[in-house]
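1. What would the 3D arrangement of this be:
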Amino acid sequence: MKQIDDRFIGKGEKSALVILKKIFSTADIQIQFPFCNLMNEEFFGSLSDRQKKETLDIVVFRDDLQTVVIRVQDKTHVGTMKSARDIVQKKMLEWNDCKVVDLWFYECPVLWKEEVNESSENEIKVALNEVGLDL
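-> Sure, this is the predicted structure:
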């Protein structure tokens, strides 16, 4: 794992962060942001202990626009338990007015090599467009 700002992040996240800072140049971008901090009061009270400790890979706060949550998903996220948790997390984020973008290892092979170039930028742009974020 690589380390940025004294917080550990997984494969693909460092390059994704560089690219997202370029795409969303005026946004406030946070890494390893607490999941519970995006929940409104209605949802916060129902969070499990595990959910209260979860962090989100990258969160893009845009002025007067929906918050964008970027989840960099490696092969561990295809298992039954983790994928079920991911579905719940995604729904809760959407119910709290967030756009959720999953960058999957099999859809972003160049990004997974930690390469920042036109190909990895396009991989991210495709994922952003798939959830309705026009750039």
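
2. mean confidence for the one helix or strand I31 maps to?
-> Element membership for I31 (DSSP states H and E) is strand 28-34. If you average the pLDDT over strand 28-34, you get 95.

3. neighbouring strands for it, and are they parallel or not?
-> Sheet pairing for strand 28-34, assigned by DSSP bridges, gives strand 55-61 (antiparallel).

4. Quick one: distance of the following helix or strand past the strand it pairs with to the chain centre.
-> With elements assigned by DSSP H and E, the helix or strand that comes after strand 55-61 is strand 67-73. Counting by C-alpha atoms, centre = their mean, to the nearest Å, strand 67-73 is centred 2 Å from the centre of its parent chain.

5. Toward the C-terminus from strand 67-73, list the very next helix or strand.
-> For strand 67-73, the succeeding helix or strand toward the C-terminus, using DSSP H and E, is helix 80-95.

6. May I have the beta-bridge partners of the residue nearest the centre of the chain?
-> With distances taken as C-alpha atoms, centre = their mean, I70 lies nearest the centre of the chain, 1.7 Å away. Counting by DSSP bridges, I70 is bridged to I58, V101.
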